[in-house]
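Engineer: Sharing a model prediction with you, sequence too.
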Amino acid sequence: MAAAISIEGIGKRFRLYHERPDSLKERVIHFRVKAEELWALKHVSVDVAEGETLGLIGPNGSGKTTLLKIVAGILRPTEGRVTTRGRIAALLALAAGFHPELTGRENVYLNASILGLARREIDRRFDDIVAFAELEEFVDNQVKFYSSGMYVRLGFAVAVHVDPAILLVDEVLAVGDIAFQAKCLERIRAFQQEGRTIVFVTHAPDLVLRVCDRVVLLAHGAIVDEGEPRQVVRDFRRLMSRQSVAYGWDEGTKEIEIVSAEIFGPDGSGSEIFAPGDELVIQMDLKASTAVEDPIISFALHDENNTFVFGTNSGWRIGPIAFTEGKYRAQFVLRSLPFVEGRYYVTLGVHSRDSKRVYHLQEQRYAFDVIKGEENPGVLFIPVECKVERL
Amino acid sequence: MATSTYPPERAAPHPAPAPIVRTSEPPRFHLVGRIRELARTREILGNLVRKEVKVKYKSSVLGVAWSMLNPILYLAVFTLVFSVVLPASVPQFPVYLLSGLLAWNLFATSLSLASRSIVDNANLVTKVYFPREILPLASEGSALVDFALQGVVLAVFMAALRYSFVGANLLLLPLAMFALLVFTAALAFWVSALNVRYRDTQHLLGLALLAWFWLTPVVYPGGLVYRKLALGHHPWLFKLFLLNPMTDIVFGFQRALYAHVQPHGAAQAVLIPVSVGWLALVLGAVSVGSLVLLWLAWRTFFHLSGDFAEEL
């Protein structure tokens, strides 16, 4: 099957100006302008098969939105080329190209014609568009009198009714109210079932896991990983946590040193993504360089707002211990994660009972994510057994 | 962790009768490719011209009459100045003024609309693909609509004054019009692209157009300039004057529509006393020069347009 989108060796160079003159006057005064070149994308090649839903993820500044804009034709690549088969609708921001002075009707015609529809085709779809946007009474009012909600509804209605073979979606699901998000998602699923091609840029890993067939991970303008969503999302997490290492403190007298630490999933393998109710093991390998009397090994969990959510230590759990010179292994087994959603940072420490002497502290060096499924709404997880019996 | 099996199954790929295959714009400028792309998307151009015109008259009581009012107001002011304050003895002054003013207004209106065209349509440029050339061209298109309306004003005056023009001179009109359209398009590409980066372009353009207007023989008779410069001590100054393409184009329009170099009642020549053939030659040269300029301006526009979405 021919690829719906084929991206061949795309490179995009931007010029960054240190002090860019933004008027001709300044340009004439400072005739020479220093510009630095920045490659936002370099050697990017991906094929998207017809009917496939591809997710593009990556940290901020990784070039994923730039890539989407190049596929949409809004930005021109410096190198390489993109070939697309079929009409493209891009949901880069919803109310594309509405002119406030024109009426809703005039805007629909203008917008749809730019998206590539002939006048007759728009005539045929006009009523559907207006019905979908629920704007029957206001369609002949100037758009400047619309509320922002009406604006967004009309923009979305036009984009999904131009019958695109390829839909490009950039973070739009992050804006808008919940009812609208649900409507968007429903529409995207309908598109998938109709066998249309979708490229999806997002920060939300759970959305990627739920919607995409394949995921591409971009970092610094290059493809770092590509493949099955669950595995790529895991790599993305790892990339993100590696980036946040710099924030974690690492200090202590090192009489007892945390040589390494690991977070396990329920199956005993290293993991960073958990579901509510999963078992999680924090394991630390320690090395004592001298004998230490009554050390305390502790951990603490903080959420993304840096709220301390839970913590405990070996003193409270098992009582006093004593180390002689040598290697030790400590484990905390969290039987059932009560969190339903979010990223949690793990602080590990070894210190004296009165906490006055810190042997080794690794503050928020490790992190894991909890991703909920639809079956676990709410703010915390309660293990539930469900029974239905006939009486 | 529960594994999600969504989506469970897919229908056959969406049936598309004839998929529109599009390749990203190459980094190099190809004139033929661009013209083909514009031809393919000509419907958008028509719609954008319609939009420009609609937006212009949307919130005004007089609507389309505004376009006609502009030349009438000019006419009233200049008639007052030139027949009462500074008599310059141009018989049938309305016909003389309007024939040149029409061309000038097309030029000036196109450029001032074009200078803002990319910036004002930022919400289109940053969200949808279409050839960016369409925006300055739509500015010229909507100025052409004004041109047609103002042509009606001229026709009314000609009819009212029972003005007769010489048939053969009219042949200059298509040539002058061609030169005007090409020259205007070239500058429109240039100012629209420039204004994306340097936002004061539109203000400087206003000043430049004011100076340019008075350097072009729209209001005062070209014959007068000829006498003062060409027959005076500095004939090279007249050559300089003719280097202004707008002067040549306006000469063409005036010769075609006002027609009489020295009409009855004029003490001296109103238009420059040259043959129609000479004017046609000059207009031909202006056309060729404008085509070269258009190619250059288009190339610059194309290179800058790849990053418009980022600059806005």
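Structural biologist: Structure's in. What do you need?

Engineer: going forward, measure contacts and count neighbours with C-alpha atoms only.
Structural biologist: OK.

Engineer: tell me the pLDDT at whatever residue of the stretch 101-250 of chain A ends up closest to chain B?
Structural biologist: Closest residue of the stretch 101-250 of chain A to chain B, Cα to the nearest Cα: A:Gly195 (4.0 Å). On the pLDDT scale, A:Gly195 is placed at 89.

Engineer: shaky segments in the stretch 151-300 of chain A?
Structural biologist: For the stretch 151-300 of chain A, residues meeting the criterion pLDDT under 70 lie at A:171-178, A:180-181, A:203-206, A:237-238, A:240-249.

Engineer: ok, which stretches of chain A are helices?
Structural biologist: Assigned by DSSP state H, chain A shows helices spanning A:24-29, A:64-72, A:104-114, A:119-133, A:148-161, A:178-193, A:205-211, A:229-243, A:314-318.

Engineer: okay if I get those as CSV plus distance to chain B and mean neighbour count?
Structural biologist: Converted to CSV, the helices of chain A look like this (distance: least, Cα to the nearest Cα, whole Å; neighbours: other Cα atoms under 10 Å in any protein chain shown):
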stretch, distance to chain B, mean neighbour count
helix A:24-29, 5, 13
helix A:64-72, 6, 24
helix A:104-114, 6, 22
helix A:119-133, 9, 16
helix A:148-161, 11, 20
helix A:178-193, 5, 15
helix A:205-211, 6, 19
helix A:229-243, 10, 18
helix A:314-318, 28, 12
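
Engineer: Quick one: name the residues of the stretch 51-200 of chain B near chain A.
Structural biologist: By Cα under 8 Å from any Cα of the partner chain, the residues of the stretch 51-200 of chain B that approach chain A are B:51, B:54-55, B:58-59, B:121-130, B:197-200.

Engineer: Run through the helices of chain B in chain order.
Structural biologist: Along chain B, the stretches classed as helices by DSSP H are B:31-40, B:42-58, B:65-79, B:93-120, B:122-125, B:134-160, B:172-197, B:201-215, B:222-225, B:235-242, B:245-257, B:276-305, B:308-311.

Engineer: Need these in CSV (columns: mean pLDDT and mean neighbour count).
Structural biologist: Below are those laid out as CSV (pLDDT from 0 to 100; neighbours: other Cα atoms under 10 Å in any protein chain shown):
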stretch, mean pLDDT, mean neighbour count
helix B:31-40, 90, 13
helix B:42-58, 83, 19
helix B:65-79, 81, 16
helix B:93-120, 92, 24
helix B:122-125, 84, 20
helix B:134-160, 91, 21
helix B:172-197, 95, 23
helix B:201-215, 93, 15
helix B:222-225, 87, 19
helix B:235-242, 88, 15
helix B:245-257, 94, 27
helix B:276-305, 95, 18
helix B:308-311, 84, 17
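
Engineer: right, and those - which one's nearest A:Arg189?
Structural biologist: helix B:122-125 (27.0 Å; Cα to Cα).

Engineer: for that closest one, packing partners?
Structural biologist: Applying 3 or more Cα pairs under 8 Å, 6 or more residues apart in numbering or on different chains; DSSP states H and E, one finds that helix B:122-125 contacts helix B:308-311.

Engineer: Endpoints of stretch A:131-145, how far apart?
Structural biologist: From its first residue to its last, stretch A:131-145 covers 19 Å (Cα to Cα, to the nearest Å).

Engineer: Same question for it: list its buried residues.
Structural biologist: When neighbours are counted by 16 or more other Cα atoms under 10 Å in any protein chain shown, the buried residues of stretch A:131-145 are found to be A:132-133, A:135, A:138-139, A:141-143.

Engineer: Widest-spaced pair of those?
Structural biologist: Across the buried residues of stretch A:131-145, the longest distance by Cα to Cα is 18.6 Å; it joins A:Phe132 and A:Gln142.

Engineer: Quick check: the residue of the stretch 101-250 of chain A closest to chain B vs A:Leu167, distance?
Structural biologist: Distance of A:Gly195 to A:Leu167, computed by Cα to Cα: 11 Å.

Engineer: Could you check which of the two is surrounded by more residues?
Structural biologist: Higher neighbour count among A:Gly195 and A:Leu167: A:Leu167, with 25 against 21, using other Cα atoms under 10 Å in any protein chain shown.

Engineer: A:Gln192 is in contact with that one, correct?
Structural biologist: No - the pair A:Leu167 and A:Gln192 fails to qualify as a contact (Cα atoms under 8 Å) at a distance of 10.0 Å.

Engineer: which residues do the two both contact?
Structural biologist: Overlap of the contact sets of A:Leu167 and A:Gln192 (by Cα atoms under 8 Å, 6 or more residues apart in numbering or on different chains) consists of A:Ile198.

Engineer: now the buried residues of stretch A:131-145 in CSV, with pLDDT and distance to B:Val225?
Structural biologist: Shown next, in CSV, are these (pLDDT from 0 to 100; distance: Cα to Cα, whole Å):
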residue, pLDDT, distance to B:Val225
A:Phe132, 83, 65
A:Ala133, 82, 63
A:Leu135, 85, 62
A:Phe138, 89, 59
A:Val139, 88, 57
A:Asn141, 88, 54
A:Gln142, 86, 51
A:Val143, 84, 52
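
Engineer: With distance to B:Ser305 added, can I get those residues in CSV?
Structural biologist: Converted to CSV, those look like this (distance: Cα to Cα, whole Å):
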residue, distance to B:Ser305
A:Phe132, 35
A:Ala133, 33
A:Leu135, 35
A:Phe138, 36
A:Val139, 33
A:Asn141, 33
A:Gln142, 30
A:Val143, 28
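
Engineer: Kindly indicate which of those residues lies nearest B:Arg28.
Structural biologist: The nearest member of the buried residues of stretch A:131-145 to B:Arg28, counting by Cα to Cα, is A:Val143 at 38.7 Å.

Engineer: Just list whatever residues bridge to A:Gly227.
Structural biologist: Beta-bridge pairing for A:Gly227 (DSSP bridges): A:Val215.

Engineer: Now do the same contact list for it.
Structural biologist: With Cα under 8 Å, 6+ apart, A:Gly227 has these contacts: A:214-216.

Engineer: out of those residues, who's nearest B:Pro26?
Structural biologist: Closest to B:Pro26, out of all of the contacts of A:Gly227 and judged by Cα to Cα, is A:Val216, at 24.7 Å.

Engineer: With adjacent residues omitted, what lies nearest to that closest one?
Structural biologist: In space, and not counting its chain neighbours, A:Val216 is closest to A:Glu226: 4.4 Å by Cα to Cα, 6 or more residues apart in numbering or on different chains.

Engineer: check contacts around that neighbour.
Structural biologist: Counted by Cα under 8 Å, 6+ apart, A:Glu226 has contacts A:214-217, A:232.

Engineer: Farthest-apart pair in the residues you listed, please.
Structural biologist: Comparing all pairs in those by Cα to Cα, the longest separation belongs to A:Arg214 and A:Leu217, at 10.1 Å.

Engineer: Any chance of TSV for the contacts of A:Glu226, columns distance to B:Leu113?
Structural biologist: Converted to TSV, the contacts of A:Glu226 look like this (distance: Cα to Cα, whole Å):
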residue	distance to B:Leu113
A:Arg214	46
A:Val215	44
A:Val216	43
A:Leu217	43
A:Val232	49
